[in-house]
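Participant: next come a sequence and a model predicted from it.
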Amino acid sequence: MLTVPGLCWLCRMPLTLGHWGVCSVCERGIAPRGSCCPRCGLPAIHPHLPCGRCLRKPPPWQALVAVCGYRPPVSLLVHQLKFSRRSQLAQPLARLLLLALLRARRSHGLPRVDMMVSVPLWSRRHWRRGFNQSDLLCRPLARWLNCRYVPDALRRTRATPAQHRLSARLRKRNLQHAFALEFPVAGRHIALVDDVVTTGATVAELSRLLLRSGAASVQVWCLCRTL
């Protein structure tokens, strides 16, 4: 018997490859991020050179890749993944991130990495949600990119208030000493994967931890970068 084709999560049309989740038409229709700094991911004049913000005070990571800004339709899919427990969305979203990575490699020579790590959740929040959305993104990405992924490389050492409820200043204070590294990273080029980067406080704290532990470089990969 023929298998019933999957439907695109956005336009609900049948997919030739059901596991893609988003059809090629909808994928091309996702609004591009425009000209953004390759380091911080914020709007910039030149898409291949660090912006003035990064020249004055660069973030601890070396490059940031995002599918788009935090806006529909991707933001709606991310919200469904996290808060409606639709874990089947993780692979289609990971594919969108893969396409963004391949474009970044072609356009401005994004270096390859040795290892991927995911932003960890506090154990109780992980238990309530049933999964870590960053972990679900990493698993297919690691397979497609033939890259090592260590699920438990990073650990939250204490519970912290949800970041989206805090101001930018409180976000930084909220995350101090909130993480621990459980895997050696000396000399490795690391990709740190998260679903959404807003102020960058979480990925900055984790990047500093990785670099202090000897990582050669850190890239941040995410679905949405708030502009």
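Facilitator: Received the coordinates, thanks.
Participant: can you pull out the strands in the chain?
Facilitator: Assigned by DSSP state E, the chain shows strands spanning 63-69, 115-118, 148-149, 154-156, 179-181, 189-197, 217-225.
Participant: which other helices and strands contact the third one?
Facilitator: Taking 3 or more CB pairs under 8 Å, 6 or more residues apart in numbering; DSSP states H and E as the contact definition, the neighbouring helices and strands of strand 148-149 are strand 115-118, helix 133-145. Every C-beta, even on glycine, is put in place using the N, C-alpha and C of the backbone.
Participant: show me the contact partners of that strand.
Facilitator: 114-118, 138-139, 141-142 (CB atoms under 8 Å, 6 or more residues apart in numbering).
Participant: what ranges does the protein have for its helices?
Facilitator: Ranges of helices in the chain, per DSSP state H, are 24-29, 52-56, 74-83, 90-108, 123-129, 133-145, 168-174, 201-212.
Participant: the third one vs strand 189-197, what angle?
Facilitator: Looking back up the chat, that one is helix 74-83. Calculated by axes from the mean of the first three to the mean of the last three CA atoms, to 10 degrees, helix 74-83 forms an angle of 100 degrees with strand 189-197.
Participant: quick one on the thing from earlier: so among the contacts of strand 148-149, which ones count as buried?
Facilitator: Buried subset of the contacts of strand 148-149 (neighbour count, 16 or more other CB atoms under 10 Å): 115-118, 138-139, 141-142.
Participant: quick one: the residue nearest to Leu101 when sequence neighbours are not counted from Cys40, how far?
Facilitator: Nearest non-adjacent residue to Leu101, counting by CB to CB, 6 or more residues apart in numbering: Val65, 5.6 Å away. Val65 is 12 Å from Cys40, where distance means CB to CB, to the nearest Å.
Participant: before we move on, what about Arg212?
Facilitator: With CB to CB as the criterion, Arg212 and Cys40 are 20 Å apart.
Participant: please apply the same query to Arg95.
Facilitator: Relative to Cys40, Arg95 is positioned 25 Å away (criterion: CB to CB).
Participant: residues near Phe83, how many?
Facilitator: Using other CB atoms under 10 Å, Phe83 is surrounded by 10 other residues.
Participant: same question for Gln62.
Facilitator: Number of residues near Gln62 (other CB under 10 Å) recorded here: 19.
Participant: same question, the one 5 residues further on
Facilitator: Here the neighbour count serves as a burial measure; for Val67 (other CB under 10 Å) it reads 24.
Participant: just the pLDDT for it.
Facilitator: Note on Val67: pLDDT of 95.
Participant: just Gly29 next, same as before
Facilitator: Reading off the model, Gly29 has pLDDT 87.
Participant: lowest-confidence helix or strand of the chain?
Facilitator: The weakest-scoring helix or strand in the chain, judged by mean pLDDT, DSSP states H and E, is helix 168-174 (a mean of 60).
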